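Peer 1: Here is a sequence with its predicted model. Questions after.
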Amino acid sequence: MTLLIKGGEIVTAESRYRSDILVDGEIIRAIGDSLEAPLNAEVINATGKLIFPGFIDPHVHIHLPFMATFAKDTHATASKSALIGGTTTFIEMCCPSRNDDPLDGYHSWKEKADGNSACDYAFHMSVTRYDKNSETQLREIVQDGTASFKIFLAYKNFFGVDDFEMFNTLTLAAKLGVITTAHCENAELVSQLQQILVAAGKTGPEWHEPSRPEAVEAEGTGRFATFLHETKAVGYVVHLSCAPALRAAVDAKLRGTKLYVESVLPHFLLDKTYAERAGIEGMKHVMSPPLREKRNLPALWGALQTGLIDTVGTDHCPFDTGQKLLGAGNFTQIPNGIPGLEERVNLMWTYGVKRGLLDIHRFVDALSTRPARLFGLAPRKGMIAVGSDADLVVYDTDYRGTMTARSQHTNNDYNGFEGFAIEGRPSVVTVRGKVQVRDGAFVGEAGRGRMLRRVPQYFIEEIHGR
Ligand code: URP
Ligand code: ZN
Ligand code: ZN
């Protein structure tokens, strides 16, 4: 398969220039002016369009048994919606519960994805308990190419780990040279606050945010950072939502802690009034950490622009309205999460780059290049360079549309961003040289996606003596 993409403007994390791209097989073979089309090449006219490296979502849930139900997507539905939205690789949280065998869980997540994803993917391995078998099992998982861990400092008795378990996970992560991602809250405080609110008859979705206030997230973020510092592990805060947690993360960065920060799409665009809407409308917007007071949004945008927030993910987590209604009489039973995999690129483009809040190169960096570098996917992914995988997004900046559940591809019956206008969308999306999307439609090969195996990359000299 040979592709020649002609006349587009390449935009990477560092540069912007007009050039042709020649793709041979799965790889970018040449970048240059007036490249000749080899015999049998398909020529894509990208005149007037931007060409981005395929976007990478560093935080999604596809298969997710959680809160007495399962998230709605399959790897087939999620990967198509990802591609239509310009995301060519996602990293899924493999989340067995505390009571499951971690290695069995890992294999079952892999089996669900294998042969079913239309885009490439990798996993973060959740450590939801730490016991005598953990080191052997986690070494095996890392050896298999899953070189990042996830811990939850929330969801007591389900995914959550205590400080002893966090310490041991980070100590092992430092030894193995892998990065640990963390959901930062304080599980005990959340549990106590939930009980107090429910006992007082405060059961609607508007009480979800007060049950996990900003201070609780700031405490979790600060504690994670302290444990990183003491264990010399490398960490990554997922879905940071508010200014106090950001301050805790920045303080740690300033102390030299090796800590990276992700915020997710909903926290840039929505505020807590969405979850305060009556009934099911509010429930649709229940996620953790919760949507926050509006005053936090400028802090997140500013930190993203300056790079204090490193990446933008989605925490894609589709529970439909029937599932959300499980918590109709008690907000603590509302399945947490909101979809966003299909929407992330177009919304961050429209409300970030087009509105002047986000430089175009930082946009590419935060949504593609930095996730690739942090999680060991570069230089194959996250860049447009000779020898890199030909994961390319030819982007139509003239497109005008609106987010709506009626036309989405995610397997869900609502869209958390219903009615949001967009000012651009991918016109062609390739995965390793194959055109998978044209103008909002999946036209490619289902099941083309491969699991991306990664090697540990965070060996700290003081620990490893090298
Ligand atoms: O509300 C959320 N974020 N649901 C998914 C699980 C998690 O915390 O990542
Ligand atoms: Zn989380
Ligand atoms: Zn998540």
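Peer 2: That came through fine. Ligands and ions are numbered 1, 2, ... in the order given.
Peer 1: So which residue is smack in the middle of the chain?
Peer 2: Nearest to the mean C-alpha position of the chain, counting by Cα atoms, centre = their mean, stands His59 at 2.5 Å.
Peer 1: so that residue sits right up against Ile91, yeah?
Peer 2: Yes. Counting by Cβ atoms under 8 Å, His59 does reach Ile91; the two are 6.7 Å apart. The C-beta positions use only the backbone N, C-alpha and C, and glycine is treated the same way.
Peer 1: what is in contact with those two at once?
Peer 2: In terms of Cβ atoms under 8 Å, 6 or more residues apart in numbering, His59 and Ile91 are both contacted by the residues His124.
Peer 1: near ligand 1, which residues of the stretch 101-250 of the chain?
Peer 2: Selection of the stretch 101-250 of the chain residues close to ligand 1 by Cβ under 6 Å from any ligand atom yields His183.
Peer 1: Stretch 320-339 vs ligand 1: in contact?
Peer 2: Yes. Stretch 320-339 is in contact with ligand 1 by Cβ under 6 Å from any ligand atom, via Asn336, Gly337.
Peer 1: got the buried residues for that stretch?
Peer 2: Judged by neighbour count (16 or more other Cβ atoms under 10 Å), stretch 320-339 contains these buried residues: 320, 323-327, 331-332, 334-339.
Peer 1: Mind picking the two most distant members of those residues?
Peer 2: Distance extremes for the buried residues of stretch 320-339: the farthest pair is Thr332 and Pro339 at 21.4 Å, using Cβ to Cβ.
Peer 1: mind listing what the closest residue to Ser34 other than its chain neighbours touches?
Peer 2: The shortest distance from Ser34 to any non-neighbouring residue, by Cβ to Cβ, 6 or more residues apart in numbering, is to Asp20 (6.8 Å). When contacts are counted by Cβ under 8 Å, 6+ apart, Asp20 touches Leu4, Ile5, Lys6, Gly7, Gly8, Ala30, Ile31, Gly32, Asp33, Ser34, Leu35.
Peer 1: What about those residues, which one has the most neighbours?
Peer 2: Most neighbours among these, by other Cβ atoms under 10 Å: Ile5, with 26 neighbours.
Peer 1: ok but that residue is inside a strand, no?
Peer 2: Yes. Checked against DSSP: H, G, I helix; E, B strand; the rest coil, Ile5 lies within a strand.
Peer 1: from memory it sits against Leu392, does it?
Peer 2: Yes. At 6.8 Å, Ile5 counts as touching Leu392 under the criterion of Cβ under 8 Å.
Peer 1: so what sits against both of these two?
Peer 2: Ile21, Val23, Ile51, Val428.
Peer 1: May I have the secondary structure class of the second one?
Peer 2: Secondary structure state of Val23, per three-state DSSP, is strand.
Peer 1: Number of residues surrounding Thr69?
Peer 2: Quick note: Thr69 (other Cβ under 10 Å) scores 15 neighbours.
Peer 1: what are the phi and psi values for it?
Peer 2: Note on Thr69: backbone dihedrals following degrees, to the nearest 10 are phi -160, psi -170.
Peer 1: distance of it from ligand 1?
Peer 2: Thr69 sits 12 Å away from ligand 1, going by Cβ to the nearest ligand atom, to the nearest Å.
Peer 1: And the pLDDT for that residue?
Peer 2: Thr69 carries a pLDDT value of 96.
Peer 1: Hmm, it is touching Asn336, no?
Peer 2: No. Taking contacts as Cβ under 8 Å, Thr69 lies outside contact range of Asn336: 11.1 Å.
Peer 1: now the one residue in the stretch 51-200 of the chain that gets nearest to ligand 1: how far from Lys232?
Peer 2: Closest approach of the stretch 51-200 of the chain to ligand 1 (Cβ to the nearest ligand atom) occurs at His183, with a separation of 5.0 Å. Relative to Lys232, His183 is positioned 21 Å away (Cβ to Cβ, to the nearest Å).
Peer 1: Alright, I will stop here.
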